[in-house]
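Novice: what follows is a protein structure lacking sequence information:
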């Protein structure tokens, strides 16, 4: 049985919820974080009943700068040792950068970059002291290419993977690993709220549970990057992307991300 405690952000739905279920099914305790108290309570009751584990709920808006420190302080005060830090929370949005609401994009930067980086910074020293821990940062295949019509989102995910990979090397002489989970189109609320479900990129999304299983196993194995939720042809396209002239690549992505009529 797995008695290690995992902290999962964005745990109320999608990949985060599936990751919580997987960890609980392995016997692991949980700290689940999201904005929706009702969804967290429902998930907590479901997992405690099914797996007889401990679940600590933290209702927090991670787009607020003070949230990561408040989460760390609450966990520390409760005497909870976090062995697996899973930074899953994130969101995107489609549109021309100059037309999009700036407050939305700023919140995206705070959530996708600042909160993830801050939580890692707060919890990592404790892992260093124990010389034990796993970090899973949920990025995206969007990290591999620029994303016209999702300029900020793609850039935030490029940060996540770059940061995760660099950190993994810094920790290479320890028993702590950092994994970047890079899913393709996944069937979650993200696609609907971002508007991506109306583009050709989301024509055949993968299920969140498949992506979560792949990511969880990659984290346990200490893999550097885990690309999942992409078809064979998409894998080939991603490998070929760096070889294409940049202007051609940008035009192709731009066309793929236009909302379908």
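Specialist: Okay, I see it. Quantities reported herein were computed from a predicted structural model and do not represent experimental measurements. Numbering: from 1, shown residues only.

Novice: and stretch 133-142, how far apart are its ends?
Specialist: 27 Å (CA to CA, to the nearest Å).

Novice: for that stretch, what is the average pLDDT?
Specialist: Stretch 133-142 shows a mean pLDDT of 96.

Novice: buried ones in it, by neighbour count?
Specialist: If you call a residue buried by 16 or more other CB atoms under 10 Å, then stretch 133-142 has these buried ones: 133, 134, 135, 136, 137, 138, 139, 140, 141, 142. From N, CA and C alone the C-beta is placed, and that goes for glycine too.

Novice: identify the bridge partners of the fifth one.
Specialist: Read that as residue 137. residue 87, residue 180 (DSSP bridges).

Novice: these two touch, right, it and residue 181?
Specialist: Yes. Residue 137 lies in contact with residue 181 (CB atoms under 8 Å); the separation is 7.0 Å.

Novice: how far is the longest helix seen in the chain from where the chain is centred?
Specialist: Criterion DSSP state H: the longest helix present in the chain is helix 151-170. Mean-position distance between helix 151-170 and its chain equals 11 Å (CA atoms, centre = their mean, to the nearest Å).

Novice: now swap in stretch 38-45 and tell me
Specialist: 20 Å.

Novice: cool, stretch 16-24 as well?
Specialist: Mean-position distance between stretch 16-24 and its chain equals 13 Å (CA atoms, centre = their mean).

Novice: pull the residues that contact it.
Specialist: Here stretch 16-24 makes contact (CB atoms under 8 Å, 6 or more residues apart in numbering) with 2, 6, 8-11, 30, 32, 34, 43, 47, 50-51, 53, 55, 84, 86, 88-89, 136, 138, 208-209, 211-213, 215-216.

Novice: for PyMOL, what selects the buried ones among these?
Specialist: The following PyMOL selection, which keeps only the buried ones among the contacts of stretch 16-24, applies the criterion 16+ other CB under 10 Å:
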select buried, resi 2+6+8+9+10+11+30+32+34+43+47+51+53+55+84+86+88+89+136+138+208+209+211+212+213+215+216
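
Novice: quick one: buried residues of the longest helix of the chain?
Specialist: 151-161, 163-165, 167-168.

Novice: what ranges do the strands span in this structure?
Specialist: Secondary structure of the chain (DSSP state E): strands at 5-9, 30-34, 55-59, 82-87, 133-138, 176-183, 186-187, 206-207, 225-228.

Novice: dump those strands to JSON lines, plus distance to residue 256.
Specialist: Output for those, formatted as JSON lines (distance: least, CB to CB, whole Å):
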{"stretch": "strand 5-9", "distance to residue 256": "29"}
{"stretch": "strand 30-34", "distance to residue 256": "30"}
{"stretch": "strand 55-59", "distance to residue 256": "37"}
{"stretch": "strand 82-87", "distance to residue 256": "27"}
{"stretch": "strand 133-138", "distance to residue 256": "22"}
{"stretch": "strand 176-183", "distance to residue 256": "17"}
{"stretch": "strand 186-187", "distance to residue 256": "16"}
{"stretch": "strand 206-207", "distance to residue 256": "17"}
{"stretch": "strand 225-228", "distance to residue 256": "18"}
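
Novice: to residue 111, which of those lies closest?
Specialist: strand 5-9 (8.9 Å; CB to CB).

Novice: now that closest one against strand 82-87, angle please.
Specialist: 20 degrees (axes from the mean of the first three to the mean of the last three CA atoms, to 10 degrees).

Novice: hmm, back to that, which strands and helices sit next to the longest helix of the chain?
Specialist: helix 102-109, helix 116-130, strand 133-138, strand 176-183 (3 or more CB pairs under 8 Å, 6 or more residues apart in numbering; DSSP states H and E).

Novice: Throw the ones you listed into CSV and include distance to residue 77, thanks.
Specialist: What follows is those, written out as CSV (distance: least, CB to CB, whole Å):
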stretch, distance to residue 77
helix 102-109, 27
helix 116-130, 13
strand 133-138, 20
strand 176-183, 23
